[in-house]
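In: got a predicted model here, sequence first, then my questions.
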Amino acid sequence: MTSSIEQSEPKNRRAGHRPAWLKIRVPGDLAQLPVSKLMNDLALNTVCQEARCPNIFECWSAGTATFMILGEICTRRCTVCAVGKGKPLVADADEPRRVAEAVSKMGVRHAVITMVNRDDMPDGGAEHLAQTVIAVREQTGAAVEVLISDLEGNRDALRTVIASAPEVLAHNVETVPRLYPAVRPVAKYKRSLDVLRWAGNERNVNMLTKSSLMLGLGETEEEVLQVAADLRDAGVDIITFGQYLAPTGNHHPVRRYYTPDEFAALGNRARALGFRHVESAPLVRSSYMAHRALE
């Protein structure tokens, strides 16, 4: 499959205006939702609200929500992410309890718990994440999916997370290896693959592994399919593809908008590799309708 990126768009130019299939209006004012007051009262963040995700009502109505823990400051400097960069605050020991309370009060059936990179912590925040999973498990009947950092390749830290027994352990490779210096300058593609492979090797029988890619950063379709093959070789069960949308004009530019048909074709190619579950569409995000993989 030949990409049209280099044929139709020089690398130093951005893609054109956002196409019609990406012009989605979020219905209503998210700040007026009852759950917004709950999140404020509990001093918690949902990625769904922070990113004004266009899928928010679809996911929430299906009982899926994504919580971001360990603060709002990331120790990495990825050029595609709107999360603040700098020196994080000390982890809040009461946060796991509050997340569990929110999951219970929201009636969430599939809780996705993600994290900022915490390279300032010896275990990368693994113990705090594990305690959050355990708290949700003890207080609710929700399934739990964790979306982890690479934990700087700390295998013992990864074992701590696995021991908390999430139904799904996700770690996103985000893009193709060639673009890592521009997109994920502190991360390493092989290290991310290793984390996913280790998780697959050490998981309990019921845990699934998952990874995601953002498309439109300047990759070729051949590179995308090679990453998909690498992930499958690493034992990953679930893969998602979604369109990258730059948070601001200062972030990595969008190089290409894939059409819905192109996403469908890539999804079919990924299914042919043997993934248990695939989500591939312009508005898909890592946690989009995450419960479906368990069904």
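Out: Ah, there it is.
In: all strands of this structure, in order?
Out: For the chain, applying DSSP state E gives strands covering 45-46, 64-69, 73-74, 84-85, 110-115, 143-147, 168-170, 208-215, 238-243, 277-280.
In: show residues contacting the last one.
Out: Strand 277-280 is contacted by residues 237-242, 263-264, 266-267, 270-271, 288-289, 292-293 when judged by C-beta atoms under 8 Å, 6 or more residues apart in numbering. C-beta here means a position set from N, CA and C on the backbone, and glycine is covered the same way.
In: least confident pick among these?
Out: On pLDDT alone, M289 ranks lowest of those, at 58.
In: the nearest residue to R203 once chain neighbours are set aside - how many residues pack around it?
Out: Leaving aside its sequence neighbours, R203 sits nearest to I162 (C-beta to C-beta, 6 or more residues apart in numbering; 5.9 Å). Neighbours of I162 under the rule other C-beta atoms under 10 Å: 20.
In: R155 versus the closest residue to L151 other than its chain neighbours, what's the distance?
Out: With sequence-adjacent residues excluded and distances taken as C-beta to C-beta, 6+ apart, L151 is closest to G124, at 3.9 Å. Distance of G124 to R155, given as C-beta to C-beta, to the nearest Å: 11 Å.
In: ok, the two, which is more surrounded?
Out: Per other C-beta under 10 Å, whichever of G124 and R155 has more neighbours is G124, with 26 against 13.
In: and that one, how far from E167?
Out: From G124 across to E167, the span is 21 Å (C-beta to C-beta).
In: what's the closest of the strands of the chain to A229?
Out: Among the strands of the chain, strand 238-243 comes nearest to A229, with 10.6 Å by C-beta to C-beta.
In: which strands or helices does the closest one pack on?
Out: Counting by 3 or more C-beta pairs under 8 Å, 6 or more residues apart in numbering; DSSP states H and E, the packing neighbours recorded for strand 238-243 are strand 208-215, helix 221-233, helix 260-272, strand 277-280.
In: note down every partner strand of the last one and its orientation.
Out: Partner strands and pairing direction for strand 277-280 (DSSP bridges) are strand 238-243 (parallel).
In: now the partner strand and helix 260-272, what's the angle there?
Out: Interaxial angle, strand 238-243 versus helix 260-272 (axes from the mean of the first three to the mean of the last three C-alpha atoms, to 10 degrees): 160 degrees.
In: chain center to strand 238-243, what's the gap?
Out: Here strand 238-243 is found 9 Å from its chain centre; the criterion is C-alpha atoms, centre = their mean, to the nearest Å.
In: who's in contact with that strand?
Out: By C-beta under 8 Å, 6+ apart, the list of residues contacting strand 238-243 from outside reads 22, 168, 170, 208-216, 224, 228, 231-232, 257-258, 263, 266-267, 270, 275-286, 288, 293.
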